[in-house]
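S.K.: give me coordinates for this.
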Amino acid sequence: MTFDGHFHCDYGFDTELGEDFYANVNLVILDGAKVTIGRNCFIAPNAGIYTAGHPSDARRRNQGLEYARPVTIGDDIWIGAGVSILPGAVIGSGTVIAAGSVVRGTIPERVICGGNPARIIREIGEQDASRYR
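M.R.: Modelled structure (predicted):
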């Protein structure tokens, strides 16, 4: 497991990192709920993984209420620069998340996703394996 530069988290004991994990500078993990990151995961600079959220209703929010939902990130993932992963997100193995994306909900395995909110751009296939020979 390798962290380059600054790393910030809420608790640290609620985050599970797989083998060969790499995070570039300025990773933030708000782990009020479980954060599970699989093996061979690479995270570019300025990314954030957030389990914490607050009520939309101002009265409840102003009472200091918050919630936390677990985040699960599979194996063999590449997360681009400036990505935000929101409470309850699940990212399937072998997926690439494009820089600047906002991930919510479930992202399937072996796809490239991007945007706000992140949407499937295309599946990852043989053309990707032969691209860098």
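S.K.: quick one: the helices in the protein?
M.R.: Here the chain has its helices, by DSSP state H, at 58-62, 126-130.
S.K.: got a list of what the most centrally placed residue in the chain touches?
M.R.: By Cα atoms, centre = their mean, the mean C-alpha position of the chain lies nearest to residue 85, the distance being 4.3 Å. Residues near residue 85 by Cβ atoms under 8 Å, 6 or more residues apart in numbering: 47, 48, 49, 50, 71, 73, 79, 91, 97, 103. From N, CA and C alone the C-beta is placed, and that goes for glycine too.
S.K.: got the confidence number for the first one?
M.R.: Per-residue confidence (pLDDT) for residue 47: 98.
S.K.: just checking, it touches residue 25?
M.R.: No: Residue 47 is not in contact with residue 25 according to Cβ atoms under 8 Å; the separation is 9.7 Å.
S.K.: more neighbours, those two?
M.R.: residue 47 (23 against 14; other Cβ atoms under 10 Å).
S.K.: how far away is that one from residue 123?
M.R.: For residue 47, the distance to residue 123 (Cβ to Cβ, to the nearest Å) stands at 23 Å.
S.K.: what of residue 53?
M.R.: Counting by Cβ to Cβ - residue 53 and residue 123 are separated by 30 Å.
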